[in-house]
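1. return atomic coordinates for the entry below.
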Amino acid sequence: MDAKVDPKKPTARTPGSEPKAPTPPHAPDGGRREAPMEAPGPLPGQEAAPARRLFSLSPINKRRWDSFKANRRGYWSLWLFLLLFVLSLFAEFLVNDRPLLLSYKGELHYPVFVDYPEETFGGFLATTDYRDPFIAEEIEANGWMIWPPIRYSYRTVNRDFPTGELREALGRPIGFPAPPTWRIAGAVCPGDTEQLERFCAKGNWNWLGTDDQGRDVVARLVYGFRISVLFGLLLTLFSSVIGVAAGAVQGYFGGRIDLFFQRFIEIWTAIPALYLLLIISSVLPPGFWVLLGILLLFSWVALVGVVRAEFLRARNFEYVKAARALGVSNLTIMFRHLLPNAMVATLTFMPFILNGSITTLTSLDFLGFGMPPGSPSLGELLAQGKANLQAPWLGITGFIVISLMLSLLIFVGEAVRDAFDPRKTFA
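-> Residues are numbered from 1 along each chain as shown. Below you'll find the model as predicted:
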């Protein structure tokens, strides 16, 4: 006989047979709980995919970098230029008239970072001249000093130059500009006076001579190189930003906007920049930022034509029309979809624009309309060489540094041009 089950009486349940609570209909997984999927491992005979690096290049950029490295002259020129520029950024630790570190009466001082008054070392002036014999002897008697390799700054005058002793030893007057110390040290060194001892010390040598005011040429070359490169980089950066923006607006919208901007650029470039620079310089005091602003007024037009042409070519492409149909804003289309195509030509021109910016600053300094008097400048050093033909080390050293710097930038520009050449990138 079959047993009858009473519906009112609860039936016994086996473990695990309890009914589950209903899942709400809005649950994201529809009430189904699935085990998390594991990433498939490599197949037999295959290697595991390498871990993604923090700075990884896309395939096309990797090809461009390989094309850049294939130009060995440009590749090594880039590294040499970067090395010289980084060293010039730390010029205060290599070429300076202040010690890097000194100990005076048991206390450590850092003259490179802190301006100590002379009272700290037994003097009475507001600033300390560490090359002063009294201060130097006081510190050496109560401690020690660690100097940079070259103990001159760009404004330091060599006050230990033995003009009278050299006149007696060589039979002719020698003053400023003075030849390199290694050429004349044999006539008076080793010296029997304190001044000659300081002059003959290797740390006080002027390895490339002095200018017409007794300042070390090496120091002025190092600081002048840094100012020239920083000025050129800033002018190139600001000019590129303005030029790219103006060219993008012209090329994308076209029509009357393009026509108006083109006529404005034609009128603006017809203004003689040198005469305007002379007028503004007579009103405003000369300075780094004043000169940068004046040159920026005319240098931004260099990239407008290139960027405008790229935007005129690409604004009617299918993906641009599709983006407009989807309601994408003009600003997004310009700077997210069209600008990467225009940056290829822009990056190709930038090393040459940097070269032109440095040349412009050097030319203005040579003419006397550049940096303020006393500032380290390669153009001012060339002007001194022109005015002092009896001191060939001035013109020769300035010419070599400028030629080396501009040649390195030209070689880098050629390598960048090869890297973005589609015939070599996609070959």
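2. all contacts plus neighbour counts: C-alpha atoms, from now on.
-> OK.
3. where does the stretch 101-250 of the chain have low pLDDT?
-> Applying pLDDT under 70 to the stretch 101-250 of the chain flags the ranges 170-171, 173.
4. quick one: contacts for T128?
-> Counting by Cα atoms under 8 Å, 6 or more residues apart in numbering, T128 makes contact with 115-118, 135.
5. ends of stretch 205-216, how far apart?
-> Start-to-end span of stretch 205-216 (Cα to Cα, to the nearest Å) is 9 Å.
6. could you do stretch 152-160 as well?
-> Chord length of stretch 152-160, first to last residue, is 12 Å (Cα to Cα).
7. report the buried residues of it.
-> Across stretch 152-160, burial judged by 16 or more other Cα atoms under 10 Å covers 152-158, 160.
8. swap in stretch 129-143?
-> Using 16+ other Cα under 10 Å as the test for burial, stretch 129-143 gives 129-131, 135, 139.
9. including distance to S239 and secondary structure, could those go into CSV?
-> Formatted as CSV, those follow (distance: Cα to Cα, whole Å; DSSP: H, G, I helix; E, B strand; the rest coil):
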residue, distance to S239, secondary structure
D129, 41, coil
Y130, 42, coil
R131, 43, coil
I135, 48, helix
I139, 49, helix
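10. which one of these sits closest to W268?
-> Closest approach to W268 among the buried residues of stretch 129-143 (Cα to Cα): D129, at 49.6 Å.
11. tell me how far the nearest residue in space to the closest one that is not next to it in sequence lies from Q384.
-> Of all residues not flanking D129 in the chain, I135 sits nearest, at 7.3 Å (Cα to Cα, 6 or more residues apart in numbering). Shown here: I135 relative to Q384, a distance of 33 Å by Cα to Cα.
12. wait, a helix at Y154?
-> No: counting by DSSP: H, G, I helix; E, B strand; the rest coil, Y154 falls outside a helix, being coil.
13. quick one: contacts for it?
-> Counting by Cα under 8 Å, 6+ apart, Y154 touches 96, 215-217, 219-220, 223, 375-376.
14. next SSE downstream of the longest helix anywhere in the chain?
-> The helix that spans the most residues within the chain, counting by DSSP state H, is helix 217-253. Note on helix 217-253: by DSSP states H and E, the next helix or strand toward the C-terminus is helix 255-269.
15. so which elements touch that following helix?
-> With contacts taken as 3 or more Cα pairs under 8 Å, 6 or more residues apart in numbering; DSSP states H and E, helix 255-269 sits against helix 217-253.
16. got the angle between the helix it packs on and helix 255-269?
-> 150 degrees (axes from the mean of the first three to the mean of the last three Cα atoms, to 10 degrees).
17. quick check: C189 touching A201?
-> No: the criterion here is Cα atoms under 8 Å, and C189 misses it with A201 at 9.2 Å.
18. OK, contacts around the nearest residue to V301 once chain neighbours are set aside?
-> Computed as Cα to Cα, 6+ apart, the closest residue to V301 that is not its neighbour in sequence is G243, at 5.7 Å. By Cα under 8 Å, 6+ apart, the contact set of G243 is 300-304, 307.
19. swap in 6 Å and give it another go.
-> Contact analysis of G243 by Cα atoms under 6 Å, 6 or more residues apart in numbering lists 300-301, 303-304.
20. for G209, see how far away E165 is.
-> Taken as Cα to Cα, the span from E165 to G209 is 17 Å.
21. those two: which is more packed in?
-> Between E165 and G209, G209 has the larger neighbour count (other Cα atoms under 10 Å), namely 23 against 16.
22. go ahead and confirm that one touches W182.
-> No: assessed by Cα atoms under 6 Å, G209 is found out of contact with W182, at 9.0 Å.
23. biggest separation within the contacts of T128, which pair?
-> By the measure Cα to Cα, D115 and I135 form the most distant pair in the contacts of T128, at 14.6 Å.
24. excluding chain neighbours, what is closest to T156?
-> Among residues not flanking T156 along the chain, R215 sits closest, at 5.5 Å (Cα to Cα, 6+ apart).
25. so that neighbour touches S153, yeah?
-> No: with contact defined as Cα under 6 Å, R215 does not count as touching S153 (8.2 Å).
26. next, count neighbours for the residue nearest to T156.
-> Residues near R215, counting by other Cα under 10 Å, number 23.
27. can you pull the pLDDT of R33?
-> pLDDT, R33: 50.
28. use 287 as the first number for this chain going forward.
-> In the new count, where the first residue is 287, that last one comes out as R319.
29. what's the spacing between A356 and L343?
-> 17 Å.
30. and S615, how many neighbours does it have?
-> Applying other Cα under 10 Å, we find 10 residues neighbouring S615.
31. distance-wise, check it relative to A608.
-> Relative to A608, and taking Cα to Cα, S615 is found at 12 Å.
32. next: I513.
-> Taking Cα to Cα, one finds I513 at 48 Å from A608.
33. more crowded one of those two?
-> Legend: neighbour count by other Cα under 10 Å for I513 and A608, higher for I513 (22 against 11).
34. beta partners of I432?
-> Beta-bridge partners recorded for I432 (DSSP bridges): L387.
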